[in-house]
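coords please:
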Amino acid sequence: MYKFIVSIWLVLGSVSLYATSSYTPLMSLDEKIVMLTLLGEAQGEGSNGMKAVALVIQQRVVESKWKRSAARVCRMPSHFSCWNGKSLAQFEREMMEGSTPRTRQTALLIAREVVKKGWTLDRSKIGYANHYCTLKTNPYWAIGKKPVVVIKGHKFFKL
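Predicted coordinates:
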């Protein structure tokens with residue numbers, strides 16, 4: 001069996017999604033969707049900016065009105081604009097072409113923390129915010145509201 005796997009690897013090259021010795025996924029679908037969301041929403045904001053967006057995702061998972069998995073929270077219509085009108089395959093292709101390996105690795109590590117059941121990220125750093133927008137925008141839901149925190153190019157709200 002191992003020789004068969006190695007031969008496939010030699011023919012296809014490096015396969016990033018699966019470990020060759022045991023077929024164990026290195027990245028779950030939930031991790032991939034959260035990672036892509038972090039890249040789409042905040043890759044230009046660095047690690048701290050991506051962590052802040054991850055905390056909003058995590059906060060929405062915790063809150064009763066969004067009781068869903070992190071991936072389902074990310075894919076909810078009109079919640080994360082990076083997904084608007086895009087399929088998973090299309091968005092993944094865009095993010096892989098438009099980001100560096102280091103940025104993708106950082107986003108994946110943060111995504112893994114979001115998907116874990118132990119809630120290892122500290123949501124108090126963003127005031128338990130469940131919404132955010134860029135500094136340049138003022139969506140209808142933010143009108144008249146004061147952000148609880150501003151991190152990099154985003155302002156965060158607890159609504």
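
packing partners of the helix ranked longest in the chain?
Longest helix in the chain, counting residues (DSSP state H): helix 46-62. Secondary-structure packing of helix 46-62 (3 or more Cβ pairs under 8 Å, 6 or more residues apart in numbering; DSSP states H and E): helix 29-42, helix 70-75, helix 101-115, strand 131-134, strand 149-151, strand 154-157. (Each C-beta comes from the backbone N, C-alpha and C, glycine too.)

can you report how many residues neighbour the closest residue to residue 74 other than its chain neighbours?
What sits nearest to residue 74 in space, not counting adjacent residues and going by Cβ to Cβ, 6 or more residues apart in numbering, is residue 37, at 4.2 Å. Neighbour count for residue 37, taken as other Cβ atoms under 10 Å: 28.

same check on the one 4 residues further on?
A total of 24 residues lie near residue 41 under the criterion other Cβ under 10 Å.

most centrally placed residue in this protein?
In the chain, the residue lying closest to the centroid (Cα atoms, centre = their mean) is residue 34, at 2.8 Å.

so what's that one up against?
54, 57, 70-71, 74, 110-111, 114-115 (Cβ atoms under 8 Å, 6 or more residues apart in numbering).

model confidence for it, exactly?
With respect to pLDDT, residue 34 scores 95.

re earlier: kindly reformat the helices and strands packed on helix 46-62 as JSON lines containing distance to residue 140.
Listed next are these as JSON lines, based on distance: least, Cβ to Cβ, whole Å:
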{"stretch": "helix 29-42", "distance to residue 140": "19"}
{"stretch": "helix 70-75", "distance to residue 140": "20"}
{"stretch": "helix 101-115", "distance to residue 140": "27"}
{"stretch": "strand 131-134", "distance to residue 140": "11"}
{"stretch": "strand 149-151", "distance to residue 140": "19"}
{"stretch": "strand 154-157", "distance to residue 140": "12"}
